[in-house]
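Visitor: Below are the sequence and a predicted model for it; my questions follow.
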Protein chains: 2
Amino acid sequence: MSKIVTMIAPVNIAVIKYWGKRDEELILPLNDSVSATLDTNVMCAKTSVCARPEFFENEIWLNGKKESFTNQRLENCLHEIQARAADEKSVSVEFLSWKVHVCSVNNFPTAAGLASSAAGYACLVSALAKLYKVKSDVSSIARLGSGSACRSVYGGFVRWHAGVNHDGSDSVASQIADASHWPEMRALILVVGETKKKISSTSGMRISVQTSELLKHRIEYCVPLRTEEIIKTIREKNFAKFAEITMKDSNQFHAICLDSYPPIVYMTDVSHYIIELVHKYNKTCGEIKVAYTFDAGPNACLYLLDKEVPKVVSLLKYAFPTSNSEFITGLSVQAEELTGDELTSLCEPQDTDLIKYIIHTKVGEGPTEIVEDSHLLNDSGVPID
Amino acid sequence: MSKIVTMIAPVNIAVIKYWGKRDEELILPLNDSVSATLDTNVMCAKTSVCARPEFFENEIWLNGKKESFTNQRLENCLHEIQARAADEKSVSVEFLSWKVHVCSVNNFPTAAGLASSAAGYACLVSALAKLYKVKSDVSSIARLGSGSACRSVYGGFVRWHAGVNHDGSDSVASQIADASHWPEMRALILVVGETKKKISSTSGMRISVQTSELLKHRIEYCVPLRTEEIIKTIREKNFAKFAEITMKDSNQFHAICLDSYPPIVYMTDVSHYIIELVHKYNKTCGEIKVAYTFDAGPNACLYLLDKEVPKVVSLLKYAFPTSNSEFITGLSVQAEELTGDELTSLCEPQDTDLIKYIIHTKVGEGPTEIVEDSHLLNDSGVPID
């Protein structure tokens, strides 16, 4: 009888953005990217997997809902883990023939555009790797589920190497620095109310690759330089430079989207107001204290050091009035607010509820096995309510 | 005694955008640009100039308000015209020593971000050229007032050659095709309510030149190709291709702004909604019938052929409900509206008054002398109320 393996895995937010594939099926990127992995205590995916001889077919439940397993990306991940296990002879041939049940949940809203697929696929692949006793790097397998998932396979600061091989064997993630390297680093995720349906990253990337004349220049000249530079700032814990590169790369990614045809627009007036506010705050401070970065949606992720959090949170509360009693979630925030004069000199309060809520988190570890008894599947491989 | 010269001059809206100077003082651009000159019957600047021996100093009145003449750009224009007149010996040395009075008005709101400085400087320089009997091309002098003003010196479709000379002598405008070449071409200017103060084009360009890594690629590779292509589409009256290049170049210009640091953002959610609507409309038509282009502000200029105007206007009225009884100004619009089904399939009505008003106009002539008696200055060189 097979044991049940349960793992949790983190989300990650890129500071050098992944945008554009050189191979759509193998999910091979045109450029390297760099991200920070965020604390699983605040946001995580949790996945249980088990394989049993009596299972009739592969089954999966996502966030409480039965989904079809005939999803190319999902099947690719399972098959690749099984192939790796066969190579490594880590489990019996019989075990490899058994069907699997998968149950996965996110502890944060998937609709909020918060890299849920990265955490989900990193979690699935890590749990399967544990189940099949695969010892080698599985980031290239997580990549087959969702490109950026490969970065969630490691904690701390992570680089996804674009690689050059046609089979994607060198398109893997590696750790730049572990979660303990820069303990002061914090992230504030500003969840902006979505008002329109957005184009998926997969479609958006395809349009950019096919139509953006500027993308080529970004890939060839800008990203390689920035990747080396930002890795240096991480190693040296040079926040101001880290923040500047982060902001520039976020802006350039959205510039590429806008240069696509038809143009792709993920940021809204609220996103741009957040950008303006961050630049004003940094200017007032006389040095760069906060960085913003935006993925394929209007939500901002602000990177900043712990000592800056109370001040920035007080600014955000002033600038974005809220009717939400749980406006700030995640890690607790110490009270060291900006004064009324400082606030009024920086901005005017905007309309209420432009930001729905803020998640306060930090850099954290990679996927972790949950050993205590809190599996999502029971002994029969059925979800526990 | 000197006569009074009065001229009117047009605005122009670029389809290949000017963004970035190689010389700030001489206003020399990094790239060629292309525009259409718009009908002075709908929008124009009007300027009267006169020179008299008894004038004590140079004086100027702009839109009913006395302004200082000690403005570098204004002085440069006057001195260059006078230098040209001296070269050409077109007037007496005595006449050249007289001070001038200038009175200028726009027949459209200057605050609306509608290229008022282009029309204003083209008008001033054309009127001065007439006053001083300068016969040679004055586009390079208008350029000293405001870069894009050099394009308003000609009617029809106009190219501003970036030039290579250090003194700017070859940074001049030339006509691609006159106003009668493509008589079906129309423009709809959608004046969007401004909500925030914007960064001036002069400052914006400077930031882009100093910080945008993508600008270089735009200048070297994208614009030269697009300029040749769009000139071909104008000559061949190939609307679909003309429109596609126009939209791509507008998007790329705003992409460069976003790639600047700090990022420069001129378009708003409303601007992006207009873009989305145009792409949807074109898709429904099965071919490109409308092009959008945005300058350094949220206002859209739509280029389209005359037969499309009634349908597009009905779409805009449906999508952007208005409380303005004079929502459409300028040329009259024939009634040939989209059906209710067509409208509902394209969009949902947005909030009221997101677009303040629409100006319907067409391609028109360059600066023209007004010969009938409607000068803005009286015989004593004082503004007529």
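Guide: That came through, no problem. Residues are numbered from 1 along each chain as shown, chains lettered A, B, ... in the order given.
Visitor: Poorly predicted segments of the stretch 101-250 of chain A, please.
Guide: Filtered on pLDDT under 70, the stretch 101-250 of chain A yields the residue ranges A:109-115, A:194-197.
Visitor: what do you get if the cut-off is 90, keeping everything else the same?
Guide: Across the stretch 101-250 of chain A, the ranges flagged by pLDDT under 90 are A:107-117, A:193-199.
Visitor: A:V15 belongs to a strand, doesn't it?
Guide: Yes - under DSSP: H, G, I helix; E, B strand; the rest coil, A:V15 falls within a strand.
Visitor: wait, isn't it in contact with A:D249?
Guide: Yes - A:V15 sits in contact with A:D249 when judged by CB atoms under 8 Å, with a separation of 6.6 Å. Heads up, the C-betas are built off the backbone N, CA and C, glycines and all.
Visitor: Which residues are in contact with each of the two?
Guide: By CB atoms under 8 Å, 6 or more residues apart in numbering or on different chains, A:V15 and A:D249 have these common neighbours: A:I230, A:T293.
Visitor: so what secondary structure elements neighbour the helix or strand encompassing A:I359?
Guide: Assigned by DSSP states H and E, A:I359 belongs to strand A:355-362. Packed against strand A:355-362, as judged by 3 or more CB pairs under 8 Å, 6 or more residues apart in numbering or on different chains; DSSP states H and E, are the following elements: strand A:185-192, helix A:309-319, strand A:328-330.
Visitor: Let me see the contact set for the closest residue to A:C257 other than its chain neighbours.
Guide: Closest residue to A:C257 apart from its sequence neighbours, by CB to CB, 6 or more residues apart in numbering or on different chains: A:I264 at 4.0 Å. For A:I264, the contact set (CB under 8 Å, 6+ apart) comprises A:I199, A:G204, A:I207, A:S208, A:C257, A:L258.
Visitor: For whatever residue of the stretch 101-250 of chain A ends up closest to chain B, the count of nearby residues, please.
Guide: Closest contact between the stretch 101-250 of chain A and chain B, by CB to the nearest CB, is at A:H217 (3.9 Å). Neighbourhood size, A:H217 [other CB atoms under 10 Å in any protein chain shown]: 22.
Visitor: quick one on the thing from earlier: turn the contacts of A:I264 into JSON lines, including neighbour count.
Guide: Putting the contacts of A:I264 into JSON lines (neighbours: other CB atoms under 10 Å in any protein chain shown) gives the following:
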{"residue": "A:I199", "neighbour count": "17"}
{"residue": "A:G204", "neighbour count": "20"}
{"residue": "A:I207", "neighbour count": "16"}
{"residue": "A:S208", "neighbour count": "25"}
{"residue": "A:C257", "neighbour count": "25"}
{"residue": "A:L258", "neighbour count": "28"}
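Visitor: can you name the two of those residues that are farthest apart?
Guide: For the contacts of A:I264, the maximum inter-member distance is 12.6 Å, found between A:I199 and A:L258 (CB to CB).
Visitor: so which helix or strand takes in A:T284?
Guide: In this structure, A:T284 is located in helix A:269-285 according to DSSP H and E.
Visitor: quick one: is that helix near chain B?
Guide: Yes - against chain B, helix A:269-285 shows contacts by CB under 8 Å from any CB of the partner chain at A:D269, A:H272, A:I275, A:H279.
Visitor: Could you provide those in CSV, with additional columns for pLDDT and neighbour count?
Guide: CSV is the format used below for the residues of helix A:269-285 next to chain B (pLDDT from 0 to 100; neighbours: other CB atoms under 10 Å in any protein chain shown):
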residue, pLDDT, neighbour count
A:D269, 94, 21
A:H272, 97, 20
A:I275, 98, 22
A:H279, 98, 17
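Visitor: Centre of the chain to stretch A:49-58, how far?
Guide: Computed by CA atoms, centre = their mean, to the nearest Å, the chain-centroid distance of stretch A:49-58 equals 30 Å.
Visitor: before we move on, what about stretch A:70-78?
Guide: 20 Å.
Visitor: which other residues reach that stretch?
Guide: With contacts defined as CB under 8 Å, 6+ apart, stretch A:70-78 is touched by A:58, A:60, A:69, A:100, A:121, A:124-125, A:128, A:141-142, A:144-146.
Visitor: Which of these fall within helices?
Guide: Here DSSP state H is the test, and these give A:Y121, A:L124, A:V125, A:L128, A:I141, A:A142, A:L144, A:G145 as lying in helices.
Visitor: Please work out which of the helices and strands packed on strand A:355-362 is packed deepest.
Guide: Sort those by mean neighbour count, taking mean count of other CB atoms under 10 Å in any protein chain shown, and strand A:185-192 sits at the top with a mean of 23.
Visitor: Each with direction, which strands does it pair with?
Guide: Under the criterion DSSP bridges, strand A:185-192 sits next to strand A:300-305 (antiparallel), strand A:355-362 (antiparallel) in its sheet.
Visitor: pretty sure A:A118 is in a helix, no?
Guide: Yes - applying three-state DSSP, one finds A:A118 inside a helix.
Visitor: pretty sure it contacts A:Y154?
Guide: No - assessed by CB under 8 Å, A:A118 is found out of contact with A:Y154, at 12.0 Å.
Visitor: Of the ones in helices among the contacts of stretch A:70-78, which is the most crowded?
Guide: A:A142 (34 neighbours).
Visitor: follow-up on the earlier one: which SS state does the residue nearest to A:C257 fall under?
Guide: coil.
Visitor: ok, which stretches of chain A are helices?
Guide: With DSSP H applied, chain A shows helices at A:72-88, A:93-97, A:116-131, A:139-145, A:201-211, A:215-217, A:223-236, A:239-259, A:269-285, A:309-319, A:340-346, listed in chain order.
Visitor: which stretch among those helices comes nearest B:D353?
Guide: The minimum distance between B:D353 and the helices of chain A falls on helix A:269-285, with 16.1 Å, by CB to CB.
Visitor: Run the chain-centre distance for that closest one.
Guide: Distance, stretch centre to chain centre, for helix A:269-285: 23 Å (CA atoms, centre = their mean).
Visitor: Only the buried residues of that helix, if you could.
Guide: Within helix A:269-285, the residues scored as buried using 16 or more other CB atoms under 10 Å in any protein chain shown are A:269-282.
Visitor: That helix vs helix A:239-259, what angle?
Guide: Per axes from the mean of the first three to the mean of the last three CA atoms, to 10 degrees, the angle that helix A:269-285 makes with helix A:239-259 is 150 degrees.
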